[in-house]
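# Generate coordinates for the sequence data below:
(one chain, ligands or ions: 2)
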Amino acid sequence: MTPTDVFAPAKINLTLHITGQRDDGYHLLDSLVVFAPVGDVLRLVPAAELSLSLEGPEAAGLPADGDNLALRAAAMVGDGQGAAIALEKLLPVASGIGGGSADAAATARAMLAAAGALDEGGLARAGTALLALGADVPMCLASRPVRVRGIGERLEPVNLPPLPAVLVNPRVPVSTPRIFRSLTARDNPPMPEPLPEFPDAEVLIAWLKDMRNDMEPAASALEPMIGVVLGELAALPGCRLARMSGSGATCFGLFATMADAGAAAAALRVARPDWWIAEGLLGDQQARAMPRLG
Ligand SMILES: C[C@@](CO)(OP(=O)(O)O)[C@H](O)COP(=O)(O)OP(=O)(O)OC[C@H]1O[C@@H](n2ccc(N)nc2=O)[C@H](O)[C@@H]1O
Ligand SMILES: Nc1ncnc2c1ncn2[C@@H]1O[C@H](COP(=O)(O)OP(=O)(O)O)[C@@H](O)[C@H]1O
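Residues are numbered from 1 along each chain as shown. Ligands and ions are numbered 1, 2, ... in the order given. Alright, predicted model coming up:
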């Protein structure tokens, strides 16, 4: 293995319909998922054994041992290969944007690449195995716009126009199982089948307004700060839609242009210096930086 840098982009659930529950308690989803140009960065260097070091502004409190999802993924797909993994943690933890799953997926891609197995078959096998680490891992392995069903293992690529967005986390960690447990309805309608065509961002945003995140009411009830974030995002000039991602607390605002999104993010940074705020084009394949191999 030569030193390898990989990008682990944030996952955004543009929609998150909870459509049922399996006998084992896991919930069935129907979710439109895109990836953001903001994410964690990992460097893998050849070594005799697997090890992990953590750095970056969001690393505090993360496990650096065998509980870390990056290390667990490396052990599961690495076929005995060693690697010194340096994780620069830039995404807030437990925030509805799948940072741990993204780290696991990015590490797995790098290990597969090193083993010469970064192909459709290798990725599919890794997705099946790594579902045990988190229902978000298969979608993070895809790292492109997808419609996600099942508990997170059924993926269908979709073509979406890139969406100018502002991401906001009010620094309230949210436990995913806790929000799932507190849902009052678990049999909500899915998205339409098939999905319509989305010729541009305006059409997509108009359609998204009729869709939902079914975890948003329960999460906002447990963490009222989520409602505050949604209100402040919606009030920013040019914001077309404000919604929560995943089980929260990160929310996104969608805008017509990146100029609007940038101005909104700048204004919010002044008003809310303690919040985690990022802007960028969601689902922009040009901005996708993974894997940067070699
Ligand atoms: C809600 C979503 C939407 O993308 O995102 P996040 O909020 O985590 O980002 C995911 O489904 C979360 O996936 P992930 O965070 O990987 O969940 P896991 O670690 O597999 O599961 C944590 C717990 O959430 C519950 N869980 C998870 C996924 C699912 N489809 N149904 C569930 O009921 C289970 O109680 C499980 O024990
Ligand atoms: N590399 C990692 N990055 C983030 N969280 C991790 C990682 N490894 C293990 N975890 C654990 O996984 C849990 C979920 O974290 P995360 O993936 O950030 O949540 P979410 O999907 O809600 O954004 C946290 O409790 C955290 O301690």
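# So which bits of the longest helix belonging to the chain are buried?
Of all the elements of type helix in the chain, the one with the most residues (DSSP state H) is helix 99-114. Going by neighbour count (16 or more other Cβ atoms under 10 Å), the buried part of helix 99-114 is 99-114. Every residue, glycine included, has its C-beta placed from N, CA and C.
# Closest one to ligand 2 out of these, please.
Ranked by distance to ligand 2 (Cβ to the nearest ligand atom), those are led by residue 100 at 2.8 Å.
# Need the per-residue pLDDT for that closest one.
Looking at residue 100, its pLDDT stands at 98.
# mind listing what it touches?
69, 93, 134 (Cβ atoms under 8 Å, 6 or more residues apart in numbering).
# Is it possible to mark the buried ones in those?
Members of the contacts of residue 100 classed as buried by 16+ other Cβ under 10 Å are 69, 134.
# from the contacts of residue 100, which are also near ligand 1?
Contacts with ligand 1 are made by residue 134 out of these, judged by Cβ under 6 Å from any ligand atom.
# Residues contacting stretch 146-156, please?
Against stretch 146-156 from outside (Cβ under 8 Å, 6+ apart): 22, 26-33, 127-128, 131, 134-139, 142, 157-158, 190-191, 195.
# So which of these are in helices?
Checking the contacts of stretch 146-156 against DSSP H, those in helices are 127, 128, 137, 138, 139, 142.
# can you put those in CSV and add pLDDT, distance to residue 226 and neighbour count?
Listed next are those as CSV, based on pLDDT from 0 to 100; distance: Cβ to Cβ, whole Å; neighbours: other Cβ atoms under 10 Å:
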residue, pLDDT, distance to residue 226, neighbour count
127, 95, 30, 20
128, 94, 33, 11
137, 97, 25, 27
138, 97, 26, 26
139, 97, 22, 30
142, 94, 27, 19
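# any idea which of the residues you listed is closest to residue 43?
residue 137 (20.2 Å; Cβ to Cβ).
# Name the residues of the stretch 151-294 of the chain found near ligand 2, please.
Neighbours of ligand 2 within the stretch 151-294 of the chain, by Cβ under 6 Å from any ligand atom: 176, 246, 247.
# ok, now with 8 Å
Taking Cβ under 8 Å from any ligand atom as the criterion, the stretch 151-294 of the chain approaches ligand 2 at residues 173, 174, 175, 176, 246, 247, 248, 250.
# In three-state terms, label the fifth one for me.
On the three-state scheme (DSSP: H, G, I helix; E, B strand; the rest coil), residue 246 is labelled coil.
# Now do the contacts for the nearest residue to it once chain neighbours are set aside.
Counting by Cβ to Cβ, 6 or more residues apart in numbering, residue 246 lies nearest to residue 96, which is 3.2 Å off, once chain neighbours are set aside. For residue 96, the contacting residues are 13, 174, 176, 244, 245, 246, 247, 248, 249, 250, by Cβ under 8 Å, 6+ apart.
# I'd like those residues laid out as TSV, including neighbour count.
What follows is the contacts of residue 96, written out as TSV (neighbours: other Cβ atoms under 10 Å):
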residue	neighbour count
13	26
174	22
176	18
244	26
245	28
246	24
247	25
248	31
249	28
250	30
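# what would the residues you listed look like in TSV with pLDDT?
Putting those into TSV (pLDDT from 0 to 100) gives the following:
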residue	pLDDT
13	98
174	96
176	97
244	99
245	98
246	98
247	98
248	97
249	98
250	98
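# Which one of the residues in the stretch 151-294 of the chain is closest to ligand 1?
Closest point on the stretch 151-294 of the chain to ligand 1, by Cβ to the nearest ligand atom, is residue 246, at 2.6 Å.
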